[in-house]
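[1] Here you go, sequence then predicted model.
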Amino acid sequence: LFDHRLELGAPFGFPLGLDAPDEIEIRRGDGTTTYSEMCHGEVRWRGEDLTIAMLRDVTEHRASEERYRQLVDHVHSGVAILEARDEGGDFAFKELNRRGKEIEELPKAEIIGKRISEVNTRFDWSEVSEILREVWKRGEPRHFPLRIPREGRMTAWFENFAYKLPTGEVVVVFDEVTARKKAEEELTLAHEQLSLAARAGNVGLWDWDLDTNEVFFSPQWMAQIGYAEDELEGTYEEWESRLHPADLSPTLAKLMDSLEEPWPPYSVEFRLRHKDGTYRWILAQGSLVFDATDRPIRMLGSHIDVTERKRADDRLRTSERFLLETGRLARVGGWVLDIESGDMEWTRVTRELAEVPEDYPTTLAKALEFFDPDDRPQLEVAIAAAVSTGEPQKMEVPFTTAQGRKLWTHLQCTPVIEDGEVKRLVGIFQD
């Protein structure tokens, strides 16, 4: 038949029903092996029944398929090949790579040939089937996240990318990202908690990129000096330009010292200009972040508005000066005695009246040395009475200063009771 047509030098064709091809292995004379697809069929020609067999060498094709399979099996992502069933109403697993089987945690025999809805019956696959149907019908790739419940475990998160092959199958490349999702959720929760704490404590946060000089200022940071979130640029100069002129040099010097020597951590107080032109006292604290070569690349820190504390400190210092001056005018000093240790604290006026230096050791034993020996027993009795009864005591006794001057002094004390016991005596010392 073929010889006849070839002699005519013309193309030919004839109806031939061929069986499905079989793959056969052929060992050649040189010992190598090749693979062929063989199919055959019956035909009647010139009154004779003939069997025609056709072979196609698929050795290279088979090797290419094996290389592709090895490649797919060794990729980090799961790869599933799905074939449409019921005109795209459902999809069945045709192939699944090794990573996919590890992710699905099922033997290959339990997956191949099964519809996707049969692999996990506790999950509603309708939305996924609709996405796959659109990919199958339109041939347009789709990316979609997926949460799937697992037996006895938390929900698993997957990132999926689906596309259609020219042969009609749908390929889904998927990765389990449960750990990443959990980390993201924990990070989001931590960020929310930090933001709530920062808002509650009026703490401003900042993050300075040392390479670009860009700075992230949190909303609380900007609100401390009267600005909304979009009113300031995220640069180092935004901060430096608002420093009080008197604080500029010492603050920058402290900052540079911290960049060169990160311990102890950066901590400094300075005044920062508010939007209304006034200055707010700020406590700034920060620490460095280093790269793999121990080079500082970022500085993270906080701002706390301590203006009211500074004002309270100023009022306290004013009050202390007032008490000191009035004490000097009235020649009245103060003292505190710790009952358990015998240690004392003297105010500045008391030291001035006793004519002792600031570093003079003040204990009960040293204080009694300023009084005449005959008067010391009654002082000890008064102290013991104050401790035992919890009642105030007072007396007038002679006193000799460290410079030898003689004074008459009025002493008075009040017990301080804690947990039912006298812990301290607080008193006055007046010339």
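    Received, thanks.

[2] Buried residues, stretch 24-43. List them.
    By neighbour count on 16 or more other C-beta atoms under 10 Å, the buried set for stretch 24-43 is 35-37. Glycine gets a C-beta too; all of them are placed from N, C-alpha and C.

[3] make that stretch 179-189, sorry
    Buried residues in stretch 179-189, counted by 16+ other C-beta under 10 Å: K181.

[4] Just the ones in strands from the buried residues of stretch 24-43, please.
    35-37 (DSSP state E).

[5] with these in mind, which one is nearest to L364?
    Y35 (106.7 Å; C-beta to C-beta).

[6] Could you say which helix or strand holds the spatially most central residue of the chain?
    Nearest to the geometric centre of the chain sits L187, at 5.4 Å (C-alpha atoms, centre = their mean). For L187, the host element (DSSP states H and E) is helix 178-200.

[7] could you give me the average pLDDT of that helix?
    For helix 178-200, the mean per-residue pLDDT is 73.

[8] The residue nearest to the centre of the chain and E358, how far apart?
    L187 sits 54 Å away from E358, going by C-beta to C-beta, to the nearest Å.

[9] again with E325
    For E325, the distance to E358 equals 18 Å [C-beta to C-beta].

[10] ok, now Y266?
    32 Å.

[11] Then N202?
    38 Å.

[12] what does E184 give?
    According to C-beta to C-beta, E184 and E358 sit 59 Å apart.

[13] Quick one: mean pLDDT over stretch 156-173.
    For stretch 156-173, the mean pLDDT works out to 90.

[14] next one: stretch 393-407 to chain centre, how far?
    65 Å (C-alpha atoms, centre = their mean, to the nearest Å).

[15] Equivalent analysis for stretch 210-223, please.
    On C-alpha atoms, centre = their mean, the centre of stretch 210-223 falls 17 Å from the chain's centre.

[16] where does this structure have low pLDDT?
    1-20, 63-74, 103-109, 121-122, 150-154, 191, 193-201, 323 (pLDDT under 70).

[17] And the helices in it?
    For the chain, applying DSSP state H gives helices covering 2-8, 59-74, 98-104, 116-119, 126-138, 178-200, 219-224, 236-240, 245-260, 307-330, 348-354, 364-368, 376-389.

[18] Tell me which of these lies nearest to S341.
    Using C-beta to C-beta, the helices of the chain put helix 364-368 closest to S341, at 9.2 Å.

[19] what packs against that closest one?
    Helix 364-368 sits against strand 344-346, helix 376-389, with contacts defined as 3 or more C-beta pairs under 8 Å, 6 or more residues apart in numbering; DSSP states H and E.

[20] which of the ones you listed sits most buried?
    strand 344-346 (a mean of 18; mean count of other C-beta atoms under 10 Å).

[21] contacting residues around D22?
    Listed by C-beta atoms under 8 Å, 6 or more residues apart in numbering, the contact partners of D22 are 37-39.

[22] need the residues you listed in CSV with distance to Q393, can you?
    Shown next, in CSV, are those (distance: C-beta to C-beta, whole Å):
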residue, distance to Q393
E37, 117
M38, 122
C39, 122
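
[23] circling back: and of the buried residues of stretch 24-43, the nearest to R315?
    For the buried residues of stretch 24-43, the nearest to R315 is Y35 (96.2 Å; C-beta to C-beta).

[24] what bridges to the residue nearest to Q220 when sequence neighbours are not counted?
    Nearest residue to Q220, sequence neighbours excluded (C-beta to C-beta, 6 or more residues apart in numbering): G204, at 4.5 Å. Going by DSSP bridges, G204 is paired in beta bridges with H303.

[25] Can you report how many residues lie near G204?
    Using other C-beta atoms under 10 Å, G204 is surrounded by 23 other residues.

[26] try E110
    E110 has 13 neighbours, counted by other C-beta under 10 Å.

[27] any idea how far it is from D86?
    22 Å.

[28] now swap in E391 and tell me
    Distance from E391 to D86, by C-beta to C-beta: 99 Å.

[29] for stretch 321-339, which positions count as buried?
    By neighbour count with 16+ other C-beta under 10 Å, stretch 321-339 contains the buried residues 327, 332-337, 339.

[30] cool, stretch 212-228 as well?
    215, 217-218, 220-225, 227.

[31] Could you do stretch 302-313 as well?
    For stretch 302-313, burial by neighbour count (16+ other C-beta under 10 Å) applies to 302-305, 307, 310.

[32] give me the beta-bridge partners of E421?
    Here E421 sits in beta bridges with E418, as judged by DSSP bridges.

[33] Oops, could you answer that again for A162 instead?
    With DSSP bridges as the rule, A162 is bridged to R142, V172.

[34] And N202 and E358? Which one has more around it.
    Legend: neighbour count by other C-beta under 10 Å for N202 and E358, higher for N202 (12 against 7).

[35] For that one, list the residues it contacts.
    N202 neighbours (C-beta under 8 Å, 6+ apart): 220, 224, 304-305.

[36] Tabulate the helices and strands packed on helix 364-368 (CSV), appending distance to K423.
    Compiled in CSV, these are given as follows (distance: least, C-beta to C-beta, whole Å):
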stretch, distance to K423
strand 344-346, 14
helix 376-389, 10
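
[37] Thank you, goodbye.
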